[in-house]
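S.K.: Quick one: sequence and predicted model below, then my questions.
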Amino acid sequence: LERYEIIKKLGETLNPSLALFLSSGAFSDVYRARDKRSGQTVAIKVAQKYADDNPMIDMQHLHPNMKKKPRVTERANILKEVQIMRNIHHPNIVQLLQFTESRKNYFLVLDLCEGGELFHRIVDLTYFSEDLSRHIIGQLAQAVYHLHEECGVVHRDIKPENILFEPIPLIPSEQRKFHAFDDATKKDEGVFTKGVGGGGIGQVKLADFGLSKIIWDKDTLTPCGTVGYTAPEIVCDQKYSKGVDMWAMGCVLYTMLCGFPPFYDESISALTHKVARGQFSFLSPWWDPISDDAKNLIQGLLCVDPRKRYTVRQVLQHPWLTGKKPTLHSPA
Ligand code: ADP
Ligand code: MG
């Protein structure tokens with residue numbers, strides 16, 4: 001690891017209004033670093049083997065000599081993340097370059113995404129045009145297709161903070177100024193820039209395999225033990241576990257298009273209730289200008305029954321992405 005020179009810390013989420021909705025605590029520190037030999041800049045994700053602060057179990061009630069014991073699941077988790085990432089090579093997935101450990105830490109050396117999080121772009125731009133959203137969802141779907149159909153992996157943590165990108169310079173025709181006007185107060189809120197077209201977002205890369213899982217699937221030929229003895233609920237669970245990524249993709253698309261998430265409530269129990277019932281709406285006036293194709297895709301993804309929810313194949317063939325009208329019957 002002496003090979004790398006740490007430049008600065010990455011991915012510290014500020015606290016704008018959207019952070020309230022979207023952010024959940026990150027477990028690791030990620031740094032921008034330079035490979036002293038090659039000059040290449042990389043990202044290094046550092047995970048502590050034994051966290052000093054929160055994830056400790058106090059054993060003192062068992063015996064006064066027993067102090068705090070570190071949570072033991074950490075090691076297995078980070079090693080699983082590495083094991084999964086090692087086998088994945090795709091243009092829309094962050095590449096693991098190297099893995100090392102010291103006495104106290106694990107280090108994942110990753111391909112650096114200069115643009116940072118999609119999350120920050122949503123905050124900057126308020127919301128994205130349909131073209132820009134299509135540009136992003138198309139690439140995200142390619143990444144998920146590779147995971148689900150070619151690797152037998154479910155990501156399980158798809159959200160704007162884990163979607164990174166390479167920036168591209170804005171073409172002047174893509175930079176449009178909009179005037180925000182608050183109808184209620186009749187106050188001019190000033191000018192803001194909204195991205196259209198590429199919107200400064202180039203290649204999109206899915207990151208953070210900390211919660212990902214390898215699944216058994218007949219189609220992907222992932223060897224995961226003998227099927228003959230697997231209970232039906234496990235087989236079903238694995239069959240539909242890919243659906244969690246599709247649901248999350250629906251939430252990401254919804255949020256990109258309007259700037260707020262499909263499900264929100266200040267009370268956790270009320271929020272849980274809304275999610276469980278799939279209770280969301282295309283609120284006016286924000287959703288009025290948005291195409292029926294986009295809404296249909298979101299409805300297919302935010303479908304409570306995982307058996308009826310769109311798969312990644314259906315997303316890739318959806319008219320909103322392809323620009324074509326469906327030739328076969330479209331799944332309801
Ligand atoms: P955690 O499990 O802590 O959420 P992540 O892998 O999501 O860890 O990394 C946390 C944050 O660090 C990301 O949301 C992003 O802002 C930044 N980050 C992670 N990997 C990279 C990378 N390859 N390039 C640029 N930034 C990155
Ligand atoms: Mg993350």
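M.R.: Structure received. Numbering: from 1, shown residues only. Ligands and ions are numbered 1, 2, ... in the order given.
S.K.: any idea how far I88 lies from D305?
M.R.: According to CB to CB, to the nearest Å, I88 stands 29 Å off from D305. All C-beta atoms are positioned from the backbone trio N, CA, C, and that covers glycine.
S.K.: ignore the last one, H89
M.R.: Distance from H89 to D305, by CB to CB: 34 Å.
S.K.: again with E266
M.R.: 28 Å.
S.K.: give me the element E5 is part of.
M.R.: strand 4-10 (DSSP states H and E).
S.K.: With K45 instead?
M.R.: Using DSSP H and E, K45 falls in strand 41-48.
S.K.: Is that strand in proximity to ligand 1?
M.R.: Yes - Strand 41-48 reaches ligand 1 (CB under 6 Å from any ligand atom) through 43, 45.
S.K.: Report whether that strand contacts ligand 2.
M.R.: No - contact of strand 41-48 with ligand 2 is not found when judged by CB under 5 Å from the ion; the minimum separation is 9.3 Å.
S.K.: got the contact list for the closest residue to L206 other than its chain neighbours?
M.R.: Setting aside the residues directly before and after it, L206 is nearest to A143 in space (CB to CB, 6 or more residues apart in numbering), at 4.4 Å. The neighbours of A143, taking CB atoms under 8 Å, 6 or more residues apart in numbering as the test, are 90, 92-93, 204-206.
S.K.: if we can go back for a sec, what about I88 and D305, which has more around it?
M.R.: The neighbour comparison of I88 against D305 (other CB atoms under 10 Å) goes to I88, with 19 against 9.
S.K.: pLDDT below threshold where in the stretch 51-200 of the chain?
M.R.: By pLDDT under 70, the weakly predicted segments of the stretch 51-200 of the chain are 51-76, 170-199.
S.K.: the strands in it, which residues?
M.R.: 56-58, 68-70, 96-101, 105-111, 116-117, 153-154, 163-167, 175-182, 187-195 (DSSP state E, counting those that start in this stretch).
S.K.: What parts of the stretch 151-300 of the chain come near ligand 2?
M.R.: 162, 208.
S.K.: Next up, identify which helix or strand the spatially closest residue to E5 that is not a sequence neighbour is on.
M.R.: Spatial nearest neighbour of E5, chain neighbours left out: R34 (4.8 Å); criterion: CB to CB, 6+ apart. Assigned by DSSP H and E, R34 belongs to strand 29-35.
S.K.: by contact count, what packs against that strand?
M.R.: When contacts are defined as 3 or more CB pairs under 8 Å, 6 or more residues apart in numbering; DSSP states H and E, strand 29-35 sits against strand 4-10, strand 41-48.
S.K.: Give me the packing partners of the longest one, helices and strands only.
M.R.: Packed against strand 41-48 by the contact rule (3+ CB pairs under 8 Å, 6+ apart) you find strand 4-10, strand 29-35, helix 73-86, strand 105-111.
S.K.: let's see it at 10 Å
M.R.: strand 4-10, strand 29-35, helix 73-86, strand 96-101, strand 105-111 (3 or more CB pairs under 10 Å, 6 or more residues apart in numbering; DSSP states H and E).
S.K.: list the buried ones in that strand?
M.R.: 42-48 (16 or more other CB atoms under 10 Å).
S.K.: ok, back up a step: among the helices and strands packed on strand 29-35, which is nearest Q314?
M.R.: Comparing the helices and strands packed on strand 29-35 by their distance to Q314 (CB to CB), the top pick is strand 41-48, with 32.8 Å.
S.K.: quick one, what contacts whichever residue of the stretch 201-332 of the chain sits closest to ligand 1?
M.R.: Nearest residue of the stretch 201-332 of the chain to ligand 1: D208, at 3.3 Å (CB to the nearest ligand atom). D208 makes contact with 11, 26-28, 30, 45, 81, 85, 94, 110, 155-159, 161-164 under the criterion CB atoms under 10 Å, 6 or more residues apart in numbering.
S.K.: The same query, at a cut-off of 6 Å, please.
M.R.: D208 makes contact with 157, 162, according to CB atoms under 6 Å, 6 or more residues apart in numbering.
S.K.: in this structure, what residue is nearest ligand 2?
M.R.: D208 (3.7 Å; CB to the ion).
S.K.: Surely that residue is in a strand?
M.R.: No - under DSSP: H, G, I helix; E, B strand; the rest coil, D208 falls outside any strand and is assigned coil.
S.K.: can you give me how far stretch 272-291 is from the chain middle?
M.R.: 20 Å (CA atoms, centre = their mean, to the nearest Å).
S.K.: Using neighbour counts, pick out the buried residues of it.
M.R.: Applying 16+ other CB under 10 Å to stretch 272-291 flags 275, 278, 280, 282, 290 as buried.
S.K.: State whether G202 and I168 are indeed in contact, as I suppose.
M.R.: Yes - with contact defined as CB atoms under 6 Å, G202 reaches I168; the gap is 3.9 Å.
S.K.: count of residues packed around whichever residue of the chain sits closest to ligand 1?
M.R.: With CB to the nearest ligand atom, the shortest gap between the chain and ligand 1 falls at G11, namely 2.4 Å. G11: 22 surrounding residues under other CB under 10 Å.
S.K.: for ligand 1, what are the nearby residues on the stretch 51-200 of the chain?
M.R.: So far as CB under 6 Å from any ligand atom goes, the stretch 51-200 of the chain lies against ligand 1 at 94, 110-113, 116-117, 161-162, 164.
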